[in-house]
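Asker: The sequence isn't on hand, but the structure is:
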């Protein structure tokens, strides 16, 4: 198959491209880091026309809640406009199926608000549904919870699991927005990549208008404080943690019901959070 992957140089994109290559698919990757953003419709259309993809996997995005709050223009530009352009380029190329990674953050937070990141991702979802209704554009929408694992840069603004682990190792200060009881059912990158590959190869089985929630499930629920306490228990070293105000639109608890996505072809997460954390720590250690 010919696969076009946006955001190919990102965390999920890098893993996905590697797996698609290993399965002998022909992959064309684009990424704003290398001057090929989805926000340039004319350039994107040329790329799609040249690649003649069987499926477009749209991963390219701004993924940080805090960045979206600080710079909503950039967030809208990258996410809403970028996804609209993917829809239009796919339509112009004859209706190329689109696999889109949205976000659980489209849902309101504990304060009833949605951060710009959540709204821009929902706009992307809405355009895909619109293009499906009006033009028959096949699409699959995934709403993943926190994805983590080896290969993730992690920063104070995105990729919190890996950021916490890196900061612990480097003895850097960590800011927790709120009391740290917020929880996510974290999803290991191998499980996420396995789902994406299966959805690419069996796209018609997954295609539907409604999004799929995707996460680690109840057995992989982890609070922010759990991670700091685990580090202290295992190492005897107390992390340098300070607390700040919660971010608007922050979700208090995310525990995904994977029933719908699992019913398609039997996908389920297989990497437990403790094994995944240890894998990620080992990878971080290898970088030193």
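Answerer: Perfect, thanks for sending it. Everything numeric in this text was worked out from a predicted model, so none of it was measured. Numbering: from 1, shown residues only.
Asker: can you map out the helices along the stretch 1-150 of the chain?
Answerer: 11-22, 41-51, 65-70, 72-75, 82-92, 116-135 (DSSP state H, counting those that start in this stretch).
Asker: same question, the stretch 151-288 of the chain
Answerer: 160-170, 189-201, 203-206, 224-235, 259-265, 273-287.
Asker: coming back round to it: return the most buried member of the helices of the stretch 1-150 of the chain.
Answerer: Here the criterion is mean neighbour count by mean count of other CB atoms under 10 Å, and of those the winner is helix 82-92, at a mean of 22. C-beta coordinates here come from the backbone N, C-alpha and C atoms, glycine included.
Asker: about what we covered before: where among the helices of the stretch 1-150 of the chain is average confidence lowest?
Answerer: Confidence, taken as mean pLDDT, is least for helix 65-70 of those (a mean of 92).
Asker: For that helix, which helices and strands make contact with it?
Answerer: helix 72-75, helix 116-135 (3 or more CB pairs under 8 Å, 6 or more residues apart in numbering; DSSP states H and E).
Asker: neighbouring contacts of the last one?
Answerer: Yep, that's helix 116-135 we're talking about. Applying CB atoms under 8 Å, 6 or more residues apart in numbering, the contact partners of helix 116-135 are 61-65, 67-69, 72, 75-76, 78-80, 82-84, 87-88, 90-91, 95, 98, 100, 102-103, 105-108, 114, 137-139, 141, 209, 211, 249.
Asker: was I right about residue 283 contacting residue 151?
Answerer: Yes - Residue 283 lies in contact with residue 151 (CB atoms under 8 Å); the separation is 7.0 Å.
Asker: what would the helices of the stretch 151-288 of the chain look like in CSV with mean neighbour count and mean pLDDT?
Answerer: Formatted as CSV, the helices of the stretch 151-288 of the chain follow (neighbours: other CB atoms under 10 Å; pLDDT from 0 to 100):
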stretch, mean neighbour count, mean pLDDT
helix 160-170, 20, 88
helix 189-201, 21, 98
helix 203-206, 15, 98
helix 224-235, 16, 85
helix 259-265, 15, 98
helix 273-287, 15, 89
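Asker: Let me have the ones you listed in CSV, extended by distance to residue 56.
Answerer: Output for these, formatted as CSV (distance: least, CB to CB, whole Å):
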stretch, distance to residue 56
helix 160-170, 27
helix 189-201, 10
helix 203-206, 10
helix 224-235, 34
helix 259-265, 19
helix 273-287, 28
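Asker: Which stretch among these approaches residue 22 most closely?
Answerer: For those, distance to residue 22 was read as CB to CB. The smallest value, 9.4 Å, belongs to helix 189-201.
Asker: Which secondary structure elements does the closest one sit against?
Answerer: Using 3+ CB pairs under 8 Å, 6+ apart, helix 189-201 sits against helix 11-22, strand 55-58, strand 98-101, strand 139-144, strand 147-148.
Asker: And the helices of the stretch 151-288 of the chain: which comes nearest residue 53?
Answerer: Nearest to residue 53 among the helices of the stretch 151-288 of the chain is helix 189-201; the distance by CB to CB comes to 10.2 Å.
Asker: okay, the angle between that closest one and helix 273-287?
Answerer: For helix 189-201 against helix 273-287, the angle by axes from the mean of the first three to the mean of the last three CA atoms, to 10 degrees is 100 degrees.
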